[in-house]
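Visitor: Would you be able to build a 3D model of this:
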Amino acid sequence: MIVVRSIEDIHDTLTATCLTIGNFDGVHMGHARLLRRVRERAAATGMLSLAVTFDPHPRRVLLDKNAPPLLTMTEQKLELLDQSGVQVAVLLPFTRALAALEPAEFVREKLVAGLHMREMIIGYDYAFGKGRKGNFELLSALGRSCGFVVERLEPVIIDGAVVSSTRIRDMIQAGEVWDARALLGRFYQVRGTVGRGRDRGGRLLGFPTANLAPTDELVPKPGVYAVWVEIDARIYAGVTNIGCNPTFGGGALSVEVHILDFSGDLYGRPIRVHFVQRLRSERKFSGVEELAARIREDIRIGRSILATPEARIS
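Guide: Predicted coordinates:
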């Protein structure tokens, strides 16, 4: 997949395109249907398939500190768009000036003239531009005058409700990572770099942990989870604790990953943690012995869960 951050970088190489446009936070199953339809239409008509998205997320610009945490940072979003099979991702810088554009102006200048759009695929509730006036009706009218076709897809329904980034975010924050997988099409992932911890896991408890400094904005609800840990494209089973270590008097929220059947120094290295199932809440234990016994049980349960076909990582 080609990634460009300016329409001018690709304008002269394009002829006709079929595209979809959106924030694609999470690149979930609803987004997957849009991207699949773009690929289908592009292949059927000989056009190029494009996904147009924004960086930073528009809410970061418009809502500032009140914006909700993202499901996927830009790096992962681009990786997932690449895996979707679209040929080009256009990552437009989002500014207040761009937000102030009238929808018709944005479509004519950026999409039709800039990206040679001939077909556009949108979701059931998509709207954009100043005052969110760029809806299906306006796009259809613009299409008739500017020479492009608009297709609107029905929502993706899973477990009786529409798949959306907001719904998935609520599930992750509630610790419902197993159920979120159906909506994402994969296990929820948190990336980060391994930093120095207090060495309690290995020294006091006998279970060494990698102390993760997340680069993602959203971590699941505090508790203990069965996880897959990705290190240099290799996958290991693991158990992760998110919390404040109340047995040791509490402290700042930490993400501690015990990687099963692994030995080696991970300090300073990037890892990815795929959250499979929440095992329990974090709680205060009477001391090191009781906590160590509980960790042994967590590992036993985690291994059992990860050994099931449903828990395999794709």
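Visitor: mean confidence score for stretch 209-216?
Guide: Stretch 209-216 shows a mean pLDDT of 93.
Visitor: repeat for stretch 177-188
Guide: pLDDT averaged over stretch 177-188 gives 98.
Visitor: which SS class is L19?
Guide: Here L19 is recorded as strand under DSSP: H, G, I helix; E, B strand; the rest coil.
Visitor: From E289, how far out is it?
Guide: 60 Å (Cβ to Cβ, to the nearest Å). In this view, the C-beta of every residue, glycine as well, is placed from N, C-alpha and C.
Visitor: So for these two, which residue has more residues nearby?
Guide: Comparing L19 with E289 by other Cβ atoms under 10 Å, the one with more neighbours is L19, at 26 against 10.
Visitor: Any idea how many residues pack against the residue lying closest to that one once chain neighbours are set aside?
Guide: Excluding the flanking residues, the one nearest L19 by Cβ to Cβ, 6 or more residues apart in numbering is L50, at 3.8 Å. If you count neighbours by other Cβ under 10 Å, L50 ends up with 26.
Visitor: List the contacts of L260.
Guide: Contacts for L260 (Cβ atoms under 8 Å, 6 or more residues apart in numbering) come out as Y236, A237, G238, V239, I299, G302, R303.
Visitor: P208 touches H258, doesn't it?
Guide: Yes: assessed by Cβ atoms under 8 Å, P208 is found in contact with H258 at 7.0 Å.
Visitor: So for these two, which sits in the more crowded spot?
Guide: Taking other Cβ under 10 Å, P208 and H258 do not tie; H258 has more neighbours (24 against 18).
Visitor: Check which helix or strand the more buried one maps to.
Guide: Using DSSP states H and E, H258 maps to strand 254-259.
Visitor: Provide the strand pairings for that strand, with the direction of each partner.
Guide: Here strand 254-259 is paired, per DSSP bridges, with strand 210-214 (antiparallel), strand 234-243 (antiparallel).
Visitor: what's whichever helix or strand comes after the shortest one packed up against?
Guide: Along the chain past strand 210-214, the next helix or strand (assigned with DSSP H and E) turns out to be strand 223-231. In terms of contact count using 3 or more Cβ pairs under 8 Å, 6 or more residues apart in numbering; DSSP states H and E, strand 223-231 is assigned the packing partners strand 234-243, strand 254-259, strand 270-280, helix 288-306.
Visitor: The longest one - contacts with which helices or strands?
Guide: Using 3+ Cβ pairs under 8 Å, 6+ apart as the contact criterion, the secondary-structure elements in contact with helix 288-306 are strand 223-231, strand 234-243, strand 270-280.
Visitor: can you list the ones you listed in CSV and add mean neighbour count, mean pLDDT and distance to A42?
Guide: Listed next are the helices and strands packed on helix 288-306 as CSV, based on neighbours: other Cβ atoms under 10 Å; pLDDT from 0 to 100; distance: least, Cβ to Cβ, whole Å:
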stretch, mean neighbour count, mean pLDDT, distance to A42
strand 223-231, 23, 97, 31
strand 234-243, 21, 95, 33
strand 270-280, 21, 97, 31
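Visitor: closest one to N23 among those strands?
Guide: strand 270-280 (22.0 Å; Cβ to Cβ).
Visitor: strand partners of the closest one, parallel vs antiparallel please.
Guide: When DSSP bridges is applied, strand 270-280 pairs with strand 188-195 (antiparallel), strand 223-231 (antiparallel).
Visitor: What strand or helix carries R169?
Guide: Counting by DSSP H and E, R169 is found in helix 165-173.
Visitor: Beyond that helix, next helix or strand please.
Guide: Counting by DSSP H and E, what follows helix 165-173 is helix 177-184.
Visitor: Please enumerate residues in contact with that next one?
Guide: Counting by Cβ under 8 Å, 6+ apart, 26, 28-29, 158-159, 163, 167-168, 171-172, 187-188, 220, 225, 275-278 sit against helix 177-184.
Visitor: okay, the angle between it and helix 165-173?
Guide: With axes from the mean of the first three to the mean of the last three Cα atoms, to 10 degrees as the basis, helix 177-184 and helix 165-173 are set at 160 degrees to each other.
Visitor: buried set for helix 177-184?
Guide: V177, W178, A180, R181, L183, L184 (16 or more other Cβ atoms under 10 Å).
Visitor: just stretch 88-101 next, same as before
Guide: V88, A89, V90, L91, L92, F94, L98, L101.
Visitor: Please apply the same query to stretch 284-301.
Guide: L291, A292, I295, D298, I299, I301.
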